[in-house]
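> Test case, fold it:
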Amino acid sequence: MFPNFYHFFKDLFGIEIPAFVFINTFGFFVAIAFLLANYTMRLELKRKEEEGLLVGMPGKQWFGKLPSVMDYVTNGALGFVFGWKFLHLFFNAKTFFDDPQSHILSGEGSILLGVLGAAVAIGFKVYDAKKVAKEYPDPVLKDITIHPYQRMGTITIVAAISGLLGAKIFDHMEDWQEFIADPIGAFSDPFSGLTFYGGLICGGAAVLWLAKKYKIGWKHMLDVGGPAMMLSYGFGRIGCHVSGDGDWGEVNPLTKPSFLPDWMWAYTYPNNVAGICDAEAHIGCPEGQIPELILPVWPTPFYEAVMCIGLFFVLWYLRKRITVPGVLFSVYLFLAGFERFWIEKIRVNKVYQIAGMEITQAELISVGMMLGAVALYFFVRYTDKNNRNPDTSSAEPPST
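This next block holds a predicted model:
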C-alpha cells in the first residue's frame, strides 16, 4: 500500500522522491473527489440553466479596479509562507521523512525561500495590475448576471470544510471516550478518522443553505448533487484502498478464485497508513515493524469504489430522463444507502446492541437513507402533481 506518494513512486517505478513523503495518498484522492464533484455539478447547473430550470442573479462587478495595498500584503504573505515552509520541505524532505505533519506545523523553514516566494507572488500581482490598467484606464462598475454554476467555487469550499468537520465529528461519536480524552489531538490530522455519512449530512446541509441564499431551487440542487456525491464517494474509496486507512472488511476465510489477484479477494494491506496488524482486534503493529495485516481481509474499499463509480454512470444516464425535480436525488439516496448497508455485512466496524440486534452506525444511517429516499420520492411526485394540476374545487362556477 502507499500511505504517501513517496512509496507509490518507489514501489511502482523504483524512483525515490523524498519530497513526496508529505503528499498523503488518501488526502490526494479526497481532493480529486471534491474536484470531480465540482466539475459534474457545474455541468449540471449549466444544463439546467440552459433548459430554463434555473436563472442567474443580478449583481455588480468592478472592471479595471487596481489591487489595494492589502491585496499586495496578502499575496506577499501567502508567497512567503509557501516559500518559507513548503519550498523548504521540498528541498529538505529527508529531515522530516518519519513525521511530516510535525515538521509542517513546526517553526522550521527557510527565510530566504520565504522572501523569494513573497517577491514572486507580489510580482505576479503587479503584472496583473498593469494588464488591468492597460485594458481599463478608468475603473467601471458594471451590472452582471451571476450564473448558478459560477457559485460552485464557494459551494465547493463550504461543502469541503463543513463535510470534513462533519466526517470528523461522526467518527468521534463512535469513539467518544477517546475524543474526550484528547479533543485537540483528534482533529490534528484532517484526513484521518473520517466518516462518510458525517460529511454527507453536514456538507449537504451547508450546500442547501447556500442554494437557498443563491436562489437555486433545493430540489434542483439535490438532483445536481446526487451523481456528484456518488462519483466523489467512489474516488474517495480508492484513496481508502490505496492508503490502507482501516476501512477494510473482515477476515476473508474463503478460497480465492484463481483468476483474481490477491488485492481483489483477500488482502493484507502491507504498509497500511492505519498502522494496524490485527484487523479483527484493531490492534496496531509493534514499534518499528512495517504494518501488514496478519490475516487477509475483504478489500471492501475497492468493491465500493467499483460499485459507486458504476452507479454514478447510472445516475448520469437517468439525469435527463427524470423530469420531476427531486426524484433523481431520491434514487441516489436509495442506491447509496442500499450499497452501504450490504457492504457493512463484511466490513470491520464498531457494533451497537439495539433491541437485541447487532447493528453499526452506518447500517442505521443506511436504513434511514433508504426510508428517506422513499419518502422523498412520494413527496416530490405529490408536490409536482399538485403544481401541474392546481386544485380548482374552490373556484366559482362559470356564469350562465
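> max-length helix in this protein?
Assignment by DSSP state H gives helix 361-388 as the longest helix of the chain.
> That one: which residues count as buried?
For helix 361-388, burial by neighbour count (16 or more other Cβ atoms under 10 Å) applies to 361-363, 365-366, 369-370, 373, 376-377, 380, 384. Using the backbone N, CA and C atoms, a C-beta is placed for each residue, glycine as well.
> now stretch 303-314
303-305, 307-309, 311-312.
> what is the mean pLDDT for it?
Averaged over stretch 303-314, pLDDT sits at 97.
> Check stretch 51-68 too.
Stretch 51-68 comes out at a mean pLDDT of 89.
> mind checking the end-to-end distance for it?
40 Å (Cα to Cα, to the nearest Å).
> Give me the residues contacting it.
45, 48-49, 125, 128-129, 132-133, 135-148, 214-217, 220, 325 (Cβ atoms under 8 Å, 6 or more residues apart in numbering).
> Tell me which entries of those residues lie within strands.
Judged by DSSP state E, the contacts of stretch 51-68 include 140-146 as members of strands.
> With secondary structure and distance to Lys10 added, can I get the buried residues of stretch 303-314 in CSV?
CSV is the format used below for the buried residues of stretch 303-314 (DSSP: H, G, I helix; E, B strand; the rest coil; distance: Cβ to Cβ, whole Å):
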residue, secondary structure, distance to Lys10
Tyr303, helix, 27
Glu304, helix, 27
Ala305, helix, 23
Met307, helix, 31
Cys308, helix, 29
Ile309, helix, 27
Leu311, helix, 34
Phe312, helix, 32
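> Name the nearest of the residues you listed relative to Val81.
Ala305 (34.7 Å; Cβ to Cβ).
> wait, what's in contact with the closest one?
With Cβ under 8 Å, 6+ apart, Ala305 has these contacts: 234-235, 237-238, 241.
> Can you flag the buried ones in those?
Here, 16+ other Cβ under 10 Å leaves 234-235, 237-238, 241 buried among the contacts of Ala305.
> want to throw the residues you listed into CSV with pLDDT and secondary structure?
Converted to CSV, the buried ones among the contacts of Ala305 look like this (pLDDT from 0 to 100; DSSP: H, G, I helix; E, B strand; the rest coil):
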residue, pLDDT, secondary structure
Gly234, 95, helix
Phe235, 93, helix
Arg237, 93, helix
Ile238, 94, helix
His241, 93, helix
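> Dump those residues to JSON lines, plus distance to Val273.
Below are these laid out as JSON lines (distance: Cβ to Cβ, whole Å):
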{"residue": "Gly234", "distance to Val273": "20"}
{"residue": "Phe235", "distance to Val273": "17"}
{"residue": "Arg237", "distance to Val273": "15"}
{"residue": "Ile238", "distance to Val273": "14"}
{"residue": "His241", "distance to Val273": "11"}
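> Closest to Leu293 out of those residues?
Among those, and counting by Cβ to Cβ, the member closest to Leu293 is His241, at 13.4 Å.
> Nearest residue to the closest one in space, please, no chain neighbours.
Nearest non-adjacent residue to His241, counting by Cβ to Cβ, 6 or more residues apart in numbering: Pro301, 3.8 Å away.
> Same question for Phe338.
Counting by Cβ to Cβ, 6+ apart, the residue nearest Phe338 is Met370, at 6.1 Å.
> Cross-check the contact I'm expecting between the residue nearest to His241 and Arg237.
Yes - with contacts counted by Cβ atoms under 8 Å, Pro301 reaches Arg237, the gap being 4.5 Å.
> list residues touching both of those two?
In contact with both Pro301 and Arg237: Asp247, using Cβ under 8 Å, 6+ apart.
> In the ones in strands among the contacts of stretch 51-68, find the pair that's most separated.
It's Val140 and Ile146 that sit farthest apart of the ones in strands among the contacts of stretch 51-68, by Cβ to Cβ, at 17.4 Å.
> Between the two, which has more neighbouring residues?
Ile146 (14 against 11; other Cβ atoms under 10 Å).
> Who's the closest spatial neighbour of the more buried one, skipping the chain neighbours?
Using Cβ to Cβ, 6+ apart, the nearest residue to Ile146 is Gly59, at 4.5 Å.
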